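**Q** fold the following and give me the result.
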Amino acid sequence: MSEANKTVIRRYIDELVNADRWDLAHEILAANYMFHHSAMPDPIVGREAFREHAAKFRRSFPDLHSTIEDIFSDGDTVIVRVIWTGTHLSHFENIPPTRRAFSIGGTGIYRVRNGLIVEAWAEFDPLELLHQIAGYRFSDNLPQA
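**A** Residues are numbered from 1 along each chain as shown. Here you go, the predicted model:
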């Protein structure tokens, strides 16, 4: 079961994220898929809502790519450590395209049931992303002592 669940996560990363084949989402994500991210106050609920979120990110970074560095599983849980890369070629939030590339590490925890991902938790440092694409540094906005 653990190897089969790792295969589901590899498909998610290779086919949905890297190949942008969201027509296959019904084969990989449950209809009521729930996505949590540390930078978002509320989870995204539903396969279609997540597809829209992913499409928005893809528009900002059309060459988005995720490389699996490590993958572990235990029962219905799969944990991956990845490296995200891409180039900022369209508006991201309120930042106009800078044409700068980024490379940041991240971690994902996925719950798989009956061959479909039902829930995910993603972690990466959004401030590091902003620093790499726009030169933003959190420390630049701290009050001076």
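
**Q** got the end-to-end distance for stretch 14-30?
**A** End-to-end distance for stretch 14-30: 17 Å, by CA to CA, to the nearest Å.

**Q** and the contacts of that stretch?
**A** With contact meaning CB atoms under 8 Å, 6 or more residues apart in numbering, stretch 14-30 is reached by 8, 11-12, 47, 50-51, 54-55, 58, 64-66, 113, 116-118. Any C-beta I mention is one placed from the backbone N, CA and C, and that applies to glycine too.

**Q** now with 6 Å?
**A** 11-12, 47, 51, 65-66, 116-118 (CB atoms under 6 Å, 6 or more residues apart in numbering).

**Q** same question, stretch 44-61
**A** Taking CB under 6 Å, 6+ apart as the rule, stretch 44-61 contacts 22, 25, 29, 31, 33-35, 64, 86, 90, 92.

**Q** what sits against the most centrally placed residue in the chain?
**A** Of all residues in the chain, the one closest to the mean position by CA atoms, centre = their mean is Ala122, 6.4 Å from it. With contact set as CB under 6 Å, 6+ apart, Ala122 has these partners: 37, 108.

**Q** go through the helix or strand bottoming out on mean pLDDT in the chain and flag the buried ones.
**A** Sorting the helices and strands of the chain by mean pLDDT, DSSP states H and E puts helix 126-134 at the bottom, at a mean of 90. By 16 or more other CB atoms under 10 Å, the buried positions in helix 126-134 come out as 128-134.

**Q** make TSV from these and add distance to Gly106 to it.
**A** TSV is the format used below for those (distance: CB to CB, whole Å):
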residue	distance to Gly106
Glu128	10
Leu129	10
Leu130	15
His131	15
Gln132	13
Ile133	15
Ala134	19
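
**Q** out of the residues you listed, who's nearest Asp74?
**A** Glu128 (28.5 Å; CB to CB).
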